[in-house]
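A.B. asks: Provide a 3D model corresponding to the input given below.
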Amino acid sequence: MNLFSQKRELDANSENNPQQFQSFQDTTKAFKGRAVDDKIKPPIDLYKIYTLTKDTTYIDTTLSIQKEYKYNLLRKDIFGLQPFANEGHTYNTLDFNFNVKSTFPKMGFTAKHFNYLEVNDIKYYQVPTPLTDLYFKTVMEQGQSLDAFLTVNTKPNLNFSIAYKGLRSIGKYINNISSSGNFRFTTSYFTKDKRYFVNAHFTGQDISNQENGGITDVSLFETSETPFDERDRLEVYFTNSTSLLKGNRFLVDHSFKLSKNNPNSLMLYHQFNHEYKFFQYTQPTLSDRFGTAFTGSVNNKTRYNHLYNKIGVGFTTQKYGDIIAYLENNTYNYFYNNVIYDNLGNVAVPNAINDRLTIFGANYNYNLNKVKLFLNVSNAITDQSISNIEAIAKYKISDDYQFEFKYQKLNTLPNLNYTLYQSDYVSYNWFNNFKNEKRNQLQAKANTKWLNLEVNYTVLDDYLFFYNIAEDIDNLQVKPFQYDQTINHLSVKAKKEFKFWKLALDNTILYQNVTQSNDVLNVPQIVTRNSLYFSEHVFKKAMFIQTGITFNYFTEYYMNDYNPLIGEFYVQNQTKIGGFPMLDFFINAKVRQTRIFLKAEHFNSAWTGYDYYSAPNYPYRDFIVRFGLVWNFFK
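C.D. replies: Residues are numbered from 1 along each chain as shown. From the prediction side, this is the model:
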């Protein structure tokens, strides 16, 4: 949950620290049975949140400019993403570093996964008293966005949490309804002797969008004269198309320490993950935009399931760190119900990809005082040539000066929808044999009281992308391709906040440069966000307010276009988008544990020109006023 701010980082191995757990137990016992009007409350840092990688933070109920940035459907800072007109539709990627690759191949359909909670998005909790978090925000036209969360420790060593995030937004344009639901349930347990730990979760998610394909005549939008200033008067490409991403996942991650009293001990690890999901695109009325079809209506359904197991044996020491050797086994099935034959009766496009990938790896983790080191090396021992080398070094001089260096060399299989895809549209059927994608990345971060700076340099080989071979927005013949030359990407991101009196100016600027022979990887050169705001306590300090203006901007470039049929963005080099300012005015307030948000989004839209888009033929949001709140309850 992104309402939890990483104000203070705790010991990465805090779950194995008996003293911290003893403090938690004592506090829980001390507060059990107290009167309701008792003003004594547990310290806020006992409400802990952690991930499977043991990154631990605590709940933060303050109001800050970072809370303003995270007050959105994804509940995280979306700098580097350009939202579409309707809440919950999709986002265009401005910052290439958002494209994180994994060792194992994924299902694909990446444009529909922004609101899909992955394994590393799930958090686990330890709380001395029950905690509830409620998120509410208005949307475009009818509907609302709501995220409700409850966690409780029934015992000091047993925690449960349950949450549901729901969205329904009609939108301003024809055939543009967004509807989604993200259910998650987690549990955490450890034995009293601190030898056995287990974290588990279940998620059930569905993300549905009506897909209109964008507006057909951008000139009517850019003039915005009556009646076309009412956006439902603008003609769109599709009036009855819908996409649906749905999935269920169950995960268990547990470990056991062999020695009861010796801090230097062997550890056994196991993680089990089973997930099933599908992506479906339906279109009762055919569109010439996608070409000819086999049938009179379209109902494409891609199914995917995988079974993942990871077992490891490690040796943990207090002085020299931890070393773990592990085996990963991932069995997946990506499939359709049909087989497509060519004119000679041979199989042209099969109905499934089935494979089992087994990887052997080892990692080393050292954490002592101000130095943290992490090294991971893994390689496939089955036929596939998959490998990953990752090294991270962190050095913390003080809270004001922290440094981090990272190197990763990744060799991974393509996402499965690059290899195999079937559709009722004739031209959207393929079966490819692409090479592995290779990525070498260097990253350096410096967080100081003067400036926060992040530099990334990435070398890409055999880069995969989608491209419209028709090169005409009215005729979409999008197919996957592999670039046979090297791409170099450099990004520099700088953050700095200036404060004077009760005023503050928060700045984030991203610079990107790409070296390539052809325009395959297109990104804006400059992306910036600047917030000028005022903070003050009012009503005898019963309320804290922040009000100001946020300026968002990115330079003009060949922005990727969106294809709803395959749920992906594709490269286009015909239309440049960008160079338009986006100004938001906000007034936020905090009363006790409640944070109230009011924002006039893109209030400059009417007087700076109707040339703002999130993708070609997909306008960005008009001026709209939205409000909501985040409310925490502590029992």
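
A.B. asks: going by C-alpha atoms from here, please, whenever you check contacts or count neighbours.
C.D. replies: Will do.

A.B. asks: for this protein, what spans make up the helices?
C.D. replies: Taking DSSP state H to define them, one finds helices in the chain at 18-31, 65-69, 218-223, 416-419.

A.B. asks: count of neighbours near Met262?
C.D. replies: Careful, residue 262 is Asn and not Met. Asn262 has 10 neighbours, counted by other CA atoms under 10 Å.

A.B. asks: now do it, the pLDDT please.
C.D. replies: Note on Asn262: pLDDT of 83.

A.B. asks: do the same with Ser398
C.D. replies: With respect to pLDDT, Ser398 scores 89.

A.B. asks: go on, Asn346?
C.D. replies: The score at Asn346 is 89. That number is its pLDDT.

A.B. asks: ditto for Pro581
C.D. replies: The per-residue pLDDT reported for Pro581 equals 97.

A.B. asks: please report how far the closest residue to it other than its chain neighbours lies from Arg595.
C.D. replies: Excluding its sequence neighbours, the residue lying closest to Pro581 (CA to CA, 6 or more residues apart in numbering) is Tyr553, at 5.2 Å. To Arg595, Tyr553 is 27 Å away according to CA to CA, to the nearest Å.

A.B. asks: these two: who's more crowded?
C.D. replies: More crowded of Tyr553 and Arg595, by other CA under 10 Å: Arg595, with 23 against 17.

A.B. asks: so the more buried one touches Ala589, yeah?
C.D. replies: Yes. With contact defined as CA atoms under 8 Å, Arg595 reaches Ala589; the gap is 5.7 Å.

A.B. asks: need the residue closest to the centroid of the protein.
C.D. replies: Closest to where the C-alpha atoms of the chain average out (CA atoms, centre = their mean) is Phe114, at 5.4 Å.

A.B. asks: for it, phi and psi?
C.D. replies: phi -60, psi -40 (degrees, to the nearest 10).

A.B. asks: residue contacts, the nearest residue to it once chain neighbours are set aside?
C.D. replies: Distances taken as CA to CA, 6+ apart place Thr90 nearest to Phe114, at 6.8 Å, with adjacent residues excluded. Counting by CA atoms under 8 Å, 6 or more residues apart in numbering, Thr90 makes contact with 83-84, 111-112, 114.

A.B. asks: Ile340 too?
C.D. replies: Going by CA under 8 Å, 6+ apart, Ile340 touches 347-351.

A.B. asks: show me where pLDDT drops low in the stretch 1-150 of the chain?
C.D. replies: 1-40 (pLDDT under 70).

A.B. asks: next: the chain.
C.D. replies: Scanning the chain for pLDDT under 70 picks out 1-40.

A.B. asks: go again with 50.
C.D. replies: 1-38 (pLDDT under 50).

A.B. asks: filter the contacts of Thr90 to the buried ones?
C.D. replies: Burial by neighbour count, judged by 16 or more other CA atoms under 10 Å, picks out 83-84, 111-112 from these.

A.B. asks: roughly how far does Gly213 sit from Lys406?
C.D. replies: Going from Gly213 to Lys406 by CA to CA gives 40 Å.

A.B. asks: swap that for Leu521, sorry
C.D. replies: 23 Å.

A.B. asks: out of those two, which sits in the busier spot?
C.D. replies: Between Leu521 and Lys406, counted using other CA under 10 Å, Leu521 has the larger neighbour count: 21 against 17.

A.B. asks: my guess is the more buried one meets Val514, correct?
C.D. replies: Yes. Here Leu521 reaches Val514: they are 7.4 Å apart, a contact under CA under 8 Å.

A.B. asks: what is in contact with the two at once?
C.D. replies: Joint contacts of Leu521 and Val514 (CA under 8 Å, 6+ apart) are Ile487.

A.B. asks: tell me the one among the buried ones among the contacts of Thr90 nearest to Glu536.
C.D. replies: Nearest to Glu536 among these is Pro83, at 30.7 Å by CA to CA.

A.B. asks: roughly how far does the closest one sit from Ile177?
C.D. replies: Separation of Pro83 from Ile177 (CA to CA) stands at 15 Å.

A.B. asks: now swap in Asn299 and tell me
C.D. replies: Distance from Asn299 to Ile177, by CA to CA: 19 Å.

A.B. asks: looking at those two, which one has more neighbours?
C.D. replies: Neighbour count, other CA under 10 Å: between Asn299 and Ile177, Ile177 has more, with 25 against 16.

A.B. asks: just give the nearest non-adjacent residue to the more buried one, would you?
C.D. replies: Leaving out its chain neighbours, the residue that sits closest to Ile177 by CA to CA, 6+ apart is Ile170, at 4.4 Å.

A.B. asks: tell me, how many residues neighbour the one you found?
C.D. replies: Neighbours around Ile170, by other CA under 10 Å: 20.

A.B. asks: what do you get for Glu328?
C.D. replies: With neighbours defined by other CA under 10 Å, the count for Glu328 comes to 20.

A.B. asks: before we move on, what about the one 4 residues further on?
C.D. replies: The burial count assigned to Tyr332 is 22, neighbours taken as other CA under 10 Å.

A.B. asks: show me what it bridges to in the sheet.
C.D. replies: As for beta bridges, Tyr332 partners with His306, Asp355 under DSSP bridges.

A.B. asks: so who does it touch?
C.D. replies: When contacts are counted by CA under 8 Å, 6+ apart, Tyr332 touches 304-307, 354-356.

A.B. asks: try Asn632
C.D. replies: Per CA under 8 Å, 6+ apart, neighbours of Asn632: 61, 131-134, 593-594.
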